[in-house]
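J.: only geometry, no sequence info:
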RNA sequence: GCCGACGUAGCUCAAUCGGCAGAGCACCCGCCUUGUAAGCGGGCGGUUACGAGUUCGAUUCUCGUCGUCGGCUCCA
């Protein structure tokens, strides 16, 4: 394998430019608010931010002023000067900056760097000064402010952000900016943002009539339009095919159950925040399910199980409801009602590794099918501090199952990143992280270990020696939920789905109304061949019909005029603009059927 | 949930300083009979998200509610 040496972002020139721009911005903001308190201001992807605690909220007009002042400051060619100082000196300098004092204390103890990230060694304490501004900072920075080009940065937005990312802390005002080496790069970036917006699944979903939200129905509760309905059916067909081959069996369970079930499962103690509140009938509380697992556990436990039955793979496309906080909703990617590509696999400890890896293989198979290349597998572990709060309180089993996952991934040679404090409440997991068109990060597929619920439900099987043994449970959702998957696919394909997934696969276009009947009969024949087709026999001109089909990103357009009708043939125009005139309908049907059957990427 | 911005016809967007709410597309009705991304004409369409307030008068100013968006927190 060729190991290309890539410069780390932290070592790049752009990183220094952005870091320095953040300092200049802080200076400008402090000039506007002399009593303002500064916190941290690091470079981030594509730019930088700085968090402030100010006497009043910033307005867009303030931002304009700050940006203007920044342009003046950078012209001043002020040198960035680093000075290493003692904690005592630092505390004197930042005597009226409480957040900085907190950071200095952290640095003194050696536990954290100035951004609150854990550190092994005790770092040196340094300050950077330019013009009138001094910040506690380890750098690095550019030589002087002139290196920040006045036409290569832009302040982007104001947002609230909690001090040290903890919602129990005070909310600060964060100003985001973007900065580049030159004007051209900035313009390219802004252009990219515009382009990304065109891929936004919320926009495409509306244009392609996939789904809608309705104020009266409620936030986070999508209504699937017929086109979305088709996509859901195709995804379920895919999942069913693959799962049947892999030995899964399908079950069905209710959406609402008694409180008792979720008390036993641990959802109420650990997950209640994300659940819709209970409804009470005849003195009994019922909850809408946020997950299918408790009911699958009930099915597992419904009779005596032998080791011969394992792995037992129970699959269900169940609709779950989670009360996501209002500000967390995001189009289809984050909703309150969702249909999960769910399954629970009950295995013996010996079977765990093979089964876990076979689920990972399943992801990879799907990713290949969809051409998904940009993703990260994240190994999400518990945190010691979360035990008994976010996570079931059994450290021994946490460590044991995490070791099992690590071993499985290592033995399977699957690359992954380990992350602390991201696990499910019942066990560690491998999440696949992807990014939306506008750069927001999401978990798509997930593969989770559960040692907690089998114990809570007292699940057991009889092993070879005739003894009771507890199975481990693997929760998995390689196709995520319909909502997130389709949201993602909309952006991934920019709405131009492969033929098999396209809501409308063929649009038959008559050139004059003399061919309307012929067009209808072709559409009918296509449908009889299992191809989703409709005929556009409106009185519009052909060009307008083609344009409409293009805008709806229909993969195939069949154009018929008097010549085609006379010869009993068709003309094919594909979504990519390519054309094939005067071909037999059967020839086209064969092509379309082949693409659909293979779930081919090509048209 | 928190901070900020926004909400005008089915969609995309206008409306000067507080003075009769407008366009294109879509839809409906005609005309045209058309050759690979928009033919022409006409018509319908609004309690300016909802509810209060200020004012002679509110799309415009103020407050509240709901929703959306940018973030934070959280997550399939």
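T.: On my side now, so go ahead. As the structure is a prediction and not an experimental result, all values here were calculated from the model. Residues are numbered from 1 along each chain as shown, chains lettered A, B, ... in the order given.

J.: Flag every buried residue along stretch A:327-343.
T.: The neighbour-count check on stretch A:327-343 (16 or more other C-beta atoms under 10 Å) flags A:329-343 as buried. (Glycine included, C-beta is placed from N, CA and C.)

J.: Can you get me the start-to-end distance on it?
T.: Start-to-end span of stretch A:327-343 (C-alpha to C-alpha, to the nearest Å) is 29 Å.

J.: Kindly report the same for stretch A:195-203.
T.: Stretch A:195-203 has an end-to-end distance of 12 Å (C-alpha to C-alpha).

J.: ok, residues contacting it?
T.: Applying C-beta atoms under 8 Å, 6 or more residues apart in numbering, the set of residues contacting stretch A:195-203 from outside is A:331-333, A:436-439, A:486-488, A:490-491, A:494-495.

J.: need the residues of the stretch 1-150 of chain A near RNA strand B, please.
T.: A:57, A:59, A:60 (C-beta under 7 Å from any atom of the strand).

J.: Would you mind identifying the next helix or strand past the lowest-mean-pLDDT helix or strand in chain A?
T.: Every helix and strand in chain A was compared by mean pLDDT, DSSP states H and E; the lowest is helix A:98-109, with a mean of 86. Following helix A:98-109 in sequence order, the next helix or strand is strand A:125-130 (DSSP states H and E).

J.: Now do that next one, average pLDDT.
T.: In this model, strand A:125-130 has a mean pLDDT of 90.

J.: contact partners of the helix or strand following that strand?
T.: The first helix or strand that comes after strand A:125-130 along the chain, using DSSP H and E, is strand A:133-136. Here strand A:133-136 makes contact (C-beta under 8 Å, 6+ apart) with A:23-24, A:26-27, A:30, A:38, A:41, A:90, A:93-94, A:100, A:103-104, A:114, A:125-129.

J.: could you pull out the helices for the stretch 251-400 of chain A?
T.: Along the stretch 251-400 of chain A, the segments classed as helices by DSSP state H, counting those that start in this stretch run A:259-265, A:267-271, A:293-300, A:349-370, A:395-411.

J.: Could you say which of these is packed most deeply?
T.: When these are scored by mean count of other C-beta atoms under 10 Å, the highest mean neighbour count falls to helix A:293-300 (a mean of 22).

J.: residues making contact with that one?
T.: Outside helix A:293-300, the residues touching it (C-beta under 8 Å, 6+ apart) are A:251, A:253-254, A:257, A:261-262, A:264-265, A:267, A:289, A:312, A:314, A:316, A:344, A:346, A:450, A:453-454, A:457, A:459, A:471, A:473, A:475.

J.: residues touching the residue in the stretch 351-500 of chain A that RNA strand B sits nearest to, list them.
T.: In the stretch 351-500 of chain A, the residue that lies nearest RNA strand B is residue A:443 (3.0 Å; C-beta to the nearest atom of the strand). Taking C-beta under 8 Å, 6+ apart, we find residue A:443 in contact with A:378, A:431, A:432, A:433, A:434, A:480.

J.: Wait, a helix at the fourth one?
T.: This points to residue A:433. No. Counting by DSSP: H, G, I helix; E, B strand; the rest coil, residue A:433 is not found in a helix; it is strand.

J.: what about it, distance to residue A:419?
T.: 10 Å (C-beta to C-beta, to the nearest Å).

J.: Quickly list what's touching both of those two.
T.: residue A:378.

J.: Now do the contacts for the residue nearest in space to the middle of chain A.
T.: Geometric centre of chain A, nearest residue: residue A:442, 1.6 Å, by C-alpha atoms, centre = their mean. Counting by C-beta under 8 Å, 6+ apart, residue A:442 touches A:333, A:334, A:433, A:434, A:435, A:436, A:484, A:488.

J.: How many residues are close by the residue nearest to the fifth one when sequence neighbours are not counted?
T.: Closest residue to residue A:435 apart from its sequence neighbours, by C-beta to C-beta, 6 or more residues apart in numbering: residue A:441 at 5.6 Å. Taking other C-beta atoms under 10 Å as the neighbour definition, residue A:441 ends up with a count of 10.

J.: cool, and the one 10 residues further on?
T.: A count of nearby residues for residue A:451, using other C-beta under 10 Å, gives 22.

J.: from the contacts of stretch A:195-203, which are also near RNA strand B?
T.: Residues of the contacts of stretch A:195-203 in contact with RNA strand B (C-beta under 7 Å from any atom of the strand): A:331, A:333, A:438, A:439.

J.: With pLDDT added, can I get these in TSV?
T.: What follows is those, written out as TSV (pLDDT from 0 to 100):
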residue	pLDDT
A:331	94
A:333	94
A:438	80
A:439	82
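
J.: List just the nearest of the residues you listed to residue A:168.
T.: Proximity to residue A:168 was ranked across those by C-beta to C-beta; first place goes to residue A:333, at 26.5 Å.

J.: and the closest one, what does it touch?
T.: Per C-beta under 8 Å, 6+ apart, neighbours of residue A:333: A:201, A:436, A:440, A:442, A:483, A:484, A:487, A:488.

J.: cool, residue A:482 as well?
T.: For residue A:482, the contact set (C-beta under 8 Å, 6+ apart) comprises A:231, A:232, A:235, A:317, A:338, A:339, A:341.

J.: Tell me the secondary structure at the first one.
T.: Using three-state DSSP, the structure places residue A:231 in helix.

J.: related to what we said a few turns ago, my reading is that the residue nearest to the centre of chain A lies in a strand. Confirm?
T.: Yes. Secondary structure assignment places residue A:442 in a strand (three-state DSSP).
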